[in-house]
Structures are given as C-alpha cells and as structure tokens.
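K.L.:
Got a predicted structure plus its sequence, pasted below:
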Amino acid sequence: MPSPDYMHQRTATGPPSARSWPMTFEAAVTFSGVIVTVDGSRHSESALPVAAALTRALPGGLTVVKVADTDEESDQRYVDGLAGAVGAKARVIAGDAEASDLLLREIATRPEALLVMATHGRGGVLESLIGSFASRIVRSVPRPIVLVSSRVPVASEDAGFEQIVVPLDGSEFSESVLPQATGLASALGVPLELIEVLEPSAGRIAAETGGDVLESSYVRSVSSRLERAGVEVANWEVLHGDPARAITDYVLERKGTLLAMATHGRSGLLRTILGSVAGACVYQSGVPVMVCRPQSS
C-alpha cells in the first residue's frame, strides 16, 4: 500500500547531521514492576490488558491500585477480583488526603515501577485531553506513565506490542524520552521506530535548500547513532503536516504500537510544540502512549 503523501520513506541518502547526538541520552532506563490504577469504572479497567502485556516483559509483577471510596471493604473485594483475573497483587489505599495525593504517595514508594492509567479526556487543554486526575499525576511524577485513552481498543489478555514509535522534533526536550523508550523496547523485545514531523513551512524551506537529504538528516542521524549503541531501530520516517494528525495516522497503520513522547510538567497548556502534541496524541491516536516528563521541567 503506498504511503500517505505526508510521509517520506527511508530512502534518502547523504551524510548524517554533524550535530552531536544524543544530547540527553544516558543509559537505557530499566523498570521493575507495573502499577495500574482503577477507579471503579469500566473505562479505568481498560488499562488492565495494557498493564498485563507490559508485566509479561518486566520483572516485579503487576499491582492493581485503587483509592478507597466510602466503602473500603467493597473496594477491596472489587480490586481483589480484578487482580485475581490477571494474576496481580491488589492494593486499596485510604486516607484523608485527595485521591491524587494518596496515589502520588503510593507510587513514590515504587520509583522503579511503570505506572499505567486510563484517561478520561474529551479534547481541549491538557486537563480535557487526558482528564484532570491523570493530568495532576503527569505533572507531578518525573517518570514515565503509560496513558490509555477511551479510543484505545480493549485488548485481549494475550495482546502484546510490536514496536515503540518515538516522535522527535530536533530538540533536547523531545530526545529526553529515548532512555525510557530504549529500555522498554529492550524489555519487550521490540524495535524502535523514529518519526519527525515537519510542518508545511519547514518542508518548503527544506525543499528550497536541499530537499529530502536535508529534511531527513536529523532523524537519520539519531537512528544511526542509536543503532551503533546497540539499539534496534526498524524504521525512521519524516512526516509532513499537522503533527498530531500525522503521528496519529502513522501509528494507526501499525498494529501493536506503543507511542513514547516527552511532555511538559507545567500546569495549564503545555508549553512546547511536542508537549501539546503529546496531549493530543494521547486523546486521538487510539494507542497507548508513554509520556515522560524531563527531570528539569
């Protein structure tokens, strides 16, 4: 099937960018254990198959966590039932603080665990894109969180991942997700795919000053350097057009995709192009999205 017209395939030739990459790359991050949060709703439970798929590749097991409502005993029975169905531990947390504060305290005791949670967004600013509860957690936790929107199809129990797609924009900020993405890809036994999205004005400038070779030099260079470091990169692409739409169209063509993106930790509207695109992709893409807030944001 021919590629969409916004996609530039991996056929460009020429010298890679001379820029020293990666600016922020450290050792690949490893994870131990998975925490999935539920709130009693069917939608929150849709994150369970995603969490189970990740748990199969990671040490440490799966823990299903719920913040207690008024009937803590009923909550415990509910969580025990969910956990038992997927071979997980059950944890109900209670206290006088806000639900988000209780959850933040709980996950702070497991800094090596990967957090998975469903979102309730409907579009708009960050809180509307992913839900106010998830937004608070993303802003407060400087570690990767896998977000599962209502548009992600409910996966079967044996569903797995086939690739991790990482959008880059040439910035140190966007590259900050690479240690987490490479670590998770290694654990899952899947390759990375790197994509860069050029908005129309950037594409025109590239065409006028060197065409395909120039516009693909950055992402091609990142791919080459990752491969030299022993990371499997199955593909790289340069896409054109609206970033969120281009990324969404790309991942929807690839079964078993996990999207990995950097996002900003500040409240309100996300402050960078890729940060705002991350929120839109969580809501629109129809795939789980691992968002990572850089330590300095």
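P.N.:
Perfect, thanks for sending it.
K.L.:
partners of T63 in the sheet?
P.N.:
I35, K89 (DSSP bridges).
K.L.:
Count the residues that sit near it.
P.N.:
22 (other Cβ atoms under 10 Å). C-beta coordinates here come from the backbone N, C-alpha and C atoms, glycine included.
K.L.:
just checking, what packs against the biggest helix by length in the chain?
P.N.:
When the chain is parsed with DSSP state H, its longest helix is helix 211-228. For helix 211-228, the packing partners by 3 or more Cβ pairs under 8 Å, 6 or more residues apart in numbering; DSSP states H and E come out as strand 7-8, strand 163-168, strand 192-198, helix 200-209, strand 233-240.
K.L.:
Go again with 7 Å.
P.N.:
Helix 211-228 sits against strand 7-8, strand 192-198, helix 200-209, strand 233-240, with contacts defined as 3 or more Cβ pairs under 7 Å, 6 or more residues apart in numbering; DSSP states H and E.
K.L.:
Give me the angle between it and strand 192-198.
P.N.:
With axes from the mean of the first three to the mean of the last three Cα atoms, to 10 degrees applied, the angle from helix 211-228 to strand 192-198 works out at 150 degrees.
K.L.:
element containing D75, please.
P.N.:
Counting by DSSP states H and E, the element that carries D75 is helix 72-86.
K.L.:
Show me what that helix is packed against.
P.N.:
Counting contacts by 3+ Cβ pairs under 7 Å, 6+ apart, helix 72-86 packs against helix 48-55, strand 62-67, strand 89-93.
K.L.:
Just the mean pLDDT for that helix, thanks.
P.N.:
Averaging pLDDT along helix 72-86 yields 94.
K.L.:
Number of residues surrounding R254?
P.N.:
14.
K.L.:
Quick check: which element contains it?
P.N.:
R254 belongs to no helix or strand, assigned by DSSP H and E.
K.L.:
where in the stretch 101-250 of the chain is pLDDT low?
P.N.:
For the stretch 101-250 of the chain, the stretches with pLDDT under 70 are 120-135, 154-158, 201-215.
K.L.:
Tell me how far L239 lies from V152.
P.N.:
The gap separating L239 from V152 is 21 Å, by Cβ to Cβ, to the nearest Å.
K.L.:
do G40 as well
P.N.:
19 Å.
K.L.:
Same question for V86.
P.N.:
Distance from V86 to V152, by Cβ to Cβ: 17 Å.
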